[in-house]
Structures are given as structure tokens and as C-alpha cells.
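1. here are the coordinates; sequence isn't available:
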């Protein structure tokens, strides 16, 4: 018999003898025990060898598996709670600039630019928002002006209600009454009533700018009022702060240990029960419990620091190379265009199952959750195409030149835009260009002979390129873009009209 075969047989024989030796002696009450329910004295795993004495783990094994499970839970907490921590920092950004009351509103009256750090906001929408504090104020009234499109989201970034054009007031304006968690008091007539599961509520709206930013700003400032129901007879004056150019307004959630500190602060502010028991238990398992201090020891802090690094890496992989095929806009091709809500599912549910990766994609990169952002009715709502790789699936390099071909007759009822973002902050890329993109509003773009457009991305204006069609990039930095359609029409929705890919210009 060849030597290798002899050794193999000998090895099998030795294994069999060891297995027999490991079997307990036959006793009067002995039955056959399936091997599948027993644990060998040594098990090799991806986290190292786990050792036992007849199923009892050694101290080293206990430490190893506890470390692993604590780290795994902390990774899942990041993935599950990025919506809440993102919302927390949207609000904390206001608190950092001393805006703490419900009637203190920020408005981009000179249109959004790249100075504030806000996840993928848009340079063609006149954003307006503030935060309700239902714990302090109780039931709160929002008197909405006409001509806006908005939404209430809670502190877990869950959709509560549309307001404005997609809401019950149908864009005519009206009075909304937002009730706090567990409210059992009287509800007066004359209001659109909505209920929140959290004390904090994001009061978000976009102002239509068809007549210009000043008209929209003046209309909103004249009509928007926010006040406690208890003060309806003498409401406080609404205070407005211009967030255009406001470099002190920073809203991006952290991706280091402080992520868990921010989450703890939110948990302490919100009522027990605003999250489901499983999620609450997962958070509690890593030491974040309402009413108790969050003070991890050195071991746990090291694990949490490791976990958030892994989770952040996963979030970035999920952004650029999403595994959920629902993110792909053009599923019959190798196109790099993706959508934020996989399959336009703004509830992140499929066949009764939570779409964790789709929810992570959205909340790691963007803000606002409403079905109005994924409508398939021509001329209504909005739609978004995102690209972060070129046509060869390579990362975009700010030191090179790229071209995006936009075919003629972009099928939108209102307007379209291309905005460029920083891959680090997921906020507008901060270059010498104020608005970090181009759009179909204003003086327009240079068209080709067939009515199409070529948008050029480069660190300096290339020779022969019209400046109106150029978006500036930064050497040694990557970037990505959003192509937005407001009021997308049938050819956009059924994909008979589609943009080109980002092509590297040699």
C-alpha cells in the first residue's frame, strides 16, 4: 500500500478510536445520543480553537465567545440604529448652534450650498425644517404654508405623515396637530392629527421655487408657525435662521466609538417602547439602557471601537457594491446607477422581512423618508439615480476628467439636477463652486446639436468645455453624484429614457 494511503487509513483509524474512547460507558439507562447534539473537547472555528471538558467551556473559550458575541451585537446595533443616530445628529446640529425650541426653524433662503454638512441635500430645493419637542411642549401645532412638500419623521427616522402637496392639505396649507407618545387627552377639531412614537419629531419641508427663492422664502416665513397647543391663543413668534452658507451646521453621524455615546443620549431622551423589544434588548446587551449610565469598561470599549470600525466598513461596502439587487435601477445591464430605496420600498420590508441592508444604505447616505420619494405616478413626487463608480466599475478619481451624457428631452414635469458629493461626508463636495452641481433651472446649460447635454467632471475647466456644464472635483479625493428628477414623467419611470454612464475621458 502506498505511504500516503497507509497514513490516511492510520489517521482514520486513530480518529475512530478516539471517538470510541470519548463515548461514555454503557449504563443501564443509556440510549443512543446523536453526535449532532454533543460538543467535542476541541472545535476549530474562524475565531480560534474552542476547548471544552465534556461540553463545559474553558475560561479561554468563555472569553473568546463573549468577545465575539459582544462585537457581533455591537456591529448589528450600528447597522440597525444608524437611522436613529443620523436623526439625533440632525437635531444635535441645531442644538450646537443654540437652536433648541420647536419654533426655531432653519431655512436655506439662498438655496442649499456646500458649507453645511448635511447628508446628500440638494442645491435646487429650498429646504426648511425644525424639530418638535413633544416631551417639553406636549401636543404641538404646525401651521403649514401653501406651496410646500414635506414630511414628519420620528427620531428613528420612521415615516409619520406627509405634509404639504403629498399630505392631507394637498399643498394648500393647513394646521397639523402632532400628539406625543401615549397621549390620552382631548383632541380638538380643526386639525390634521398625527401621532408620534417619539418625543422628537423632524418637521421637514421643501418650498417650491418656480417663482424664485425669495418668493418661496417670503411665503414660508409669512405663514409657517410652530407652537404648543397650550399656547394657541398667544403663540410664540416663529424664528428663522438662514442655513445657506452656515458652515457651523454639522449633522453627519460619527463612525467611531462616539456613535454609541450618541445612541445612548437618544435612548435616554426617548420613552421606553419607541423601539421593539428585540432591538431594545440588542442595544441593552452592549450596555445602553434607559435610566442607567453608559460607562463601558476598557474591554467593552475596545470591543465597541472594533465593532464600529467593522460596521462602518460594511456600510461603505454596502453603499458602493450593494448586494441587494433591488438597488440596481437598470437590472438588465451592468449599469452603475443605483437607487437609495431598494425596489422603491420606503418601508424597508419584503415578504414580511426587514431589509436591513436597504435601510442601512438609505440612512448612511441620505435623509428624509416618505413614500412621496418613490412614487411611480408620472409627474408626481421625485426620483433619484446615484452613481459612485465609472462605467468600468472603478472608483471615481477627483484628479481625472469624466463625462456624463444626458440625452435630450429629460422627462420631468418640474426640473432635474446633477449634484456632486464627498464620499467621506456624503455631503456636497466643497470646491470653489458654491452649489456643487448643475441643474435645469436658471440660465440653462449648453446643449449638443441633438438637444442632449454633456456634463463634465474635472478638477479644472477643460479646454473647450462650457463652464455651465462643468462640475469641479478635487485631486486625491473620490466623489459620487445624484441625478434628481422632480415630477418624473413616464419615459423616466418606465426607463425608456435613461442617462449614460460616467465615462473616463482619456
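-> Everything's here; your move. Computed from a prediction, not measured in an experiment: that's the story for all the values here.
2. low-confidence ranges in the stretch 101-250 of the chain?
-> By pLDDT under 70, the stretch 101-250 of the chain contains no weakly predicted segment.
3. quick one: the strands in it, in order.
-> Applying DSSP state E, counting those that start in this stretch to the stretch 101-250 of the chain gives strands spanning 104-107, 126-133, 140-144, 148-154, 159-164, 174-179, 192-195, 200-207, 225-228, 239-242.
4. could I get those as a markdown table with mean neighbour count and distance to residue 404?
-> To be clear about C-beta, it is placed using only N, CA and C from the backbone, and glycine gets the same treatment. Compiled in a markdown table, these are given as follows (neighbours: other C-beta atoms under 10 Å; distance: least, C-beta to C-beta, whole Å):
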| stretch | mean neighbour count | distance to residue 404 |
| --- | --- | --- |
| strand 104-107 | 22 | 31 |
| strand 126-133 | 24 | 25 |
| strand 140-144 | 23 | 37 |
| strand 148-154 | 25 | 27 |
| strand 159-164 | 21 | 31 |
| strand 174-179 | 20 | 40 |
| strand 192-195 | 16 | 40 |
| strand 200-207 | 24 | 24 |
| strand 225-228 | 20 | 40 |
| strand 239-242 | 15 | 32 |
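5. quick one: closest of those strands to residue 95.
-> Residue 95 lies closest, by C-beta to C-beta, to one member of the strands of the stretch 101-250 of the chain: strand 126-133, at 8.9 Å.
6. parallel or antiparallel, which strands does that closest one pair with?
-> Note on strand 126-133: by DSSP bridges, its sheet partners are strand 104-107 (antiparallel), strand 200-207 (antiparallel).
7. so which of those gets nearest residue 78?
-> It's strand 200-207; of those, that one is closest to residue 78 (C-beta to C-beta) at 20.4 Å.
8. run the chain-centre distance for that closest one.
-> Computed by C-alpha atoms, centre = their mean, to the nearest Å, the separation of strand 200-207 from the middle of its chain amounts to 16 Å.
9. and the angle for it with strand 140-144?
-> Using axes from the mean of the first three to the mean of the last three C-alpha atoms, to 10 degrees, the inter-axis angle of strand 200-207 relative to strand 140-144 is 10 degrees.
10. my guess is residue 296 is in a strand, correct?
-> No - looking at residue 296 with DSSP: H, G, I helix; E, B strand; the rest coil, it is coil, so not inside a strand.
11. look up how far residue 305 lies from it.
-> Per C-beta to C-beta, to the nearest Å, residue 296 is found 10 Å from residue 305.
12. more neighbours, the two?
-> residue 296 (18 against 15; other C-beta atoms under 10 Å).
13. tell me the pLDDT of that one.
-> Here the pLDDT value assigned to residue 296 is 98.
14. ok now do it, which residues does it touch?
-> Contacts for residue 296 (C-beta atoms under 8 Å, 6 or more residues apart in numbering) come out as 286-287, 304.
15. ramachandran coordinates for residue 305?
-> Dihedral angles phi and psi of residue 305 (degrees, to the nearest 10) take the values phi -60, psi -40.
16. likewise for residue 363?
-> Phi and psi for residue 363, reported as degrees, to the nearest 10, are phi -80, psi -20.
17. helix or strand for residue 335, which one?
-> Of the helices and strands defined by DSSP states H and E, none includes residue 335.
18. how about a markdown table for the strands of the stretch 101-250 of the chain, with distance to residue 310 added?
-> Shown next, in a markdown table, are those (distance: least, C-beta to C-beta, whole Å):
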| stretch | distance to residue 310 |
| --- | --- |
| strand 104-107 | 34 |
| strand 126-133 | 31 |
| strand 140-144 | 40 |
| strand 148-154 | 28 |
| strand 159-164 | 29 |
| strand 174-179 | 38 |
| strand 192-195 | 37 |
| strand 200-207 | 29 |
| strand 225-228 | 41 |
| strand 239-242 | 38 |
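19. with respect to residue 72, which of those strands lies nearest?
-> Nearest of the strands of the stretch 101-250 of the chain (C-beta to C-beta): strand 148-154, 27.4 Å.
20. next, the angle from that closest one to strand 200-207.
-> Here strand 148-154 points in a direction 170 degrees away from that of strand 200-207 (the same axes, to 10 degrees).
21. helices and strands around strand 148-154, which ones?
-> Judged by 3 or more C-beta pairs under 8 Å, 6 or more residues apart in numbering; DSSP states H and E, the packing partners of strand 148-154 are strand 159-164, strand 200-207.
22. and those strands: which comes nearest residue 74?
-> Ranking those by proximity to residue 74 (C-beta to C-beta) places strand 200-207 first, at 24.1 Å.
23. what sits up against the closest one?
-> 87, 90-91, 102, 105, 107, 125-134, 140, 142, 144, 147-155, 160, 163-164, 178, 216-217, 219-220, 226, 269-270, 368.
24. also stretch 26-39?
-> With C-beta under 8 Å, 6+ apart as the test, stretch 26-39 has contacts from 24, 52, 55.
25. give me the distance between it and the centre of its chain.
-> 51 Å.
26. start to end distance for that stretch?
-> 19 Å (C-alpha to C-alpha, to the nearest Å).
27. what of stretch 221-235?
-> Counting by C-alpha to C-alpha, you get 15 Å between the two ends of stretch 221-235.
28. buried stuff in it?
-> For stretch 221-235, a neighbour-count test (16 or more other C-beta atoms under 10 Å) marks 221, 224-229, 235 as buried.
29. before we move on, the earlier item: in JSON lines: the helices and strands packed on strand 148-154, plus distance to residue 487.
-> Shown next, in JSON lines, are those (distance: least, C-beta to C-beta, whole Å):
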{"stretch": "strand 159-164", "distance to residue 487": "15"}
{"stretch": "strand 200-207", "distance to residue 487": "13"}
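30. among these, which comes closest to residue 44?
-> For those, proximity to residue 44 was assessed by C-beta to C-beta; strand 159-164 is nearest, at 46.7 Å.
31. who does the closest one touch, helix- and strand-wise?
-> For strand 159-164, the contact count by 3+ C-beta pairs under 8 Å, 6+ apart identifies strand 140-144, strand 148-154, strand 174-179, strand 192-195, strand 200-207 as packing neighbours.
32. quick one: that strand to chain centroid distance?
-> With C-alpha atoms, centre = their mean as the basis, strand 159-164 stands 18 Å off its chain's centre.
33. how about stretch 271-290?
-> 20 Å.
34. what sits up against that stretch?
-> 70, 73-74, 76-77, 80-81, 154-156, 181-182, 197-199, 260, 263-264, 267-268, 270, 294-296, 300, 304.
35. remind me, longest helix of this protein?
-> Longest helix in the chain, counting residues (DSSP state H): helix 59-96.
36. how about the helices and strands packed on strand 159-164 in JSON lines, adding distance to residue 115?
-> Shown next, in JSON lines, are the helices and strands packed on strand 159-164 (distance: least, C-beta to C-beta, whole Å):
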{"stretch": "strand 140-144", "distance to residue 115": "27"}
{"stretch": "strand 148-154", "distance to residue 115": "23"}
{"stretch": "strand 174-179", "distance to residue 115": "30"}
{"stretch": "strand 192-195", "distance to residue 115": "33"}
{"stretch": "strand 200-207", "distance to residue 115": "19"}
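37. and of these, who's closest to residue 466?
-> Among the helices and strands packed on strand 159-164, the nearest to residue 466 by C-beta to C-beta is strand 200-207 (29.0 Å).
38. now the end-to-end length of stretch 467-475.
-> 19 Å.
39. again with stretch 434-442
-> Stretch 434-442 has an end-to-end distance of 15 Å (C-alpha to C-alpha).
40. what does stretch 144-160 give?
-> For stretch 144-160, the first-to-last residue distance is 16 Å (C-alpha to C-alpha).
41. for stretch 187-199, same thing?
-> 18 Å.
42. go on, stretch 322-335?
-> Using C-alpha to C-alpha, the end-to-end distance of stretch 322-335 comes to 13 Å.
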